[in-house]
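A.B. asks: Below is the structure, and that's it, no one-letter string:
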């Protein structure tokens, strides 16, 4: 089946530290991969995406590369800020199976000054 | 910026009671979804809705659940007789169009969620 496994949290980092949140997936076909972010009191927002192998999605200093050989889509940021504190969700979608997104459990990130 | 809004933000109910969760999708969107997240678990797909009918549903979406778009703006999720295991955060989402748009943008717009606690 289709599923996403992401690094368990919570993660606490100091400002300007390097962030990695691991995400691996299992898919029966060729998925598109996404990172969604949920800031406190808000809904899930698309952070970045990649639709094919070796694509790199990037936004707001975050990056993730679609690695088919390792079935991974790890989220990275070189220097986190307090405002990055949020819950991050890795997700995949299979067009072949319609509009369903398969989400991970979410990783809570807290950045301290 | 347009957004999806959900009410209530938190509802506490007794087991066996009916619950209706409400969502106002973005006004020009045509596809609507409900997802839920039980505490500590994954965000799970429940149902998608287009053209006044269900287009897809998961195994979770059994006969106790129903969705409706009663007035052209609201999109509701009804749980007929709540169970303890229905306690979760329920997220509504919408998209401008279906598969074709998702191929290009991949974006669903989510609400803030409604937390349901069943006692």
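C.D. replies: Right, received. Where do you want to start? In this text, all values refer to a predicted model and were calculated from it rather than measured experimentally.

A.B. asks: near chain A, which residues of chain B show up?
C.D. replies: B:3-4, B:6, B:31, B:33, B:35, B:37, B:40-45, B:48, B:55-56, B:58, B:91, B:93, B:95, B:98-99, B:102-103, B:106-113 (CB under 8 Å from any CB of the partner chain). In this view, the C-beta of every residue, glycine as well, is placed from N, C-alpha and C.

A.B. asks: Out of these, which sit inside strands?
C.D. replies: Using DSSP state E, the subset of these located in strands is B:6, B:31, B:33, B:35, B:37, B:43-45, B:48, B:55-56, B:91, B:93, B:95, B:109-110.

A.B. asks: List buried residues within those.
C.D. replies: Neighbour counting with 16 or more other CB atoms under 10 Å in any protein chain shown marks B:6, B:31, B:33, B:35, B:37, B:43-45, B:48, B:56, B:91, B:93, B:95, B:109-110 as buried within these.

A.B. asks: re earlier: identify the farthest-apart pair in the ones in strands among the residues of chain B next to chain A.
C.D. replies: B:37 and B:55 (21.5 Å; CB to CB).

A.B. asks: tell me the contacts of residue A:44?
C.D. replies: Going by CB atoms under 8 Å, 6 or more residues apart in numbering or on different chains, residue A:44 touches A:36-38, A:89, B:43, B:91, B:93, B:108, B:110.

A.B. asks: Pick the one among these closest to residue A:5.
C.D. replies: Nearest to residue A:5 among these, with distances taken as CB to CB, is residue A:89, at 12.1 Å.

A.B. asks: Show me the beta-bridge partners of the closest one.
C.D. replies: Beta-bridge partners recorded for residue A:89 (DSSP bridges): residue A:36.

A.B. asks: Touching the one helix or strand in chain A whose mean pLDDT sits lowest from outside, list them.
C.D. replies: Every helix and strand in chain A was compared by mean pLDDT, DSSP states H and E; the lowest is strand A:101-103, with a mean of 86. Outside of strand A:101-103, the residues within contact range by CB under 8 Å, 6+ apart are A:2-4, A:25, A:34, A:36, A:89-94, B:35, B:37, B:42-45, B:108.

A.B. asks: so what strands line up beside it?
C.D. replies: For strand A:101-103, pairing defined by DSSP bridges yields strand A:86-93 (antiparallel).

A.B. asks: Work out the gap between the partner strand and the centre of the chain.
C.D. replies: Chain-centre distance of strand A:86-93: 5 Å, with CA atoms, centre = their mean, to the nearest Å.

A.B. asks: Over to stretch B:27-38?
C.D. replies: Taking CA atoms, centre = their mean, the mean C-alpha location of stretch B:27-38 is offset from the chain mean by 5 Å.

A.B. asks: I'd like to know the average pLDDT value across it.
C.D. replies: For stretch B:27-38, the mean pLDDT works out to 90.

A.B. asks: Same check on stretch A:40-52?
C.D. replies: Per-residue scores along stretch A:40-52 average to 87.

A.B. asks: Report the separation between the two terminal residues of it.
C.D. replies: Terminal residues of stretch A:40-52 lie 31 Å apart, using CA to CA, to the nearest Å.

A.B. asks: Which residue in the contacts of residue A:44 has the weakest pLDDT?
C.D. replies: Comparing the contacts of residue A:44 by pLDDT, residue B:108 comes last, at 81.

A.B. asks: how about the nearest residue to that one once chain neighbours are set aside, what does it touch?
C.D. replies: Of all residues not flanking residue B:108 in the chain, residue B:93 sits nearest, at 4.2 Å (CB to CB, 6 or more residues apart in numbering or on different chains). Listed by CB under 8 Å, 6+ apart, the contact set of residue B:93 reads A:44, B:4, B:25, B:32-35, B:108-111.
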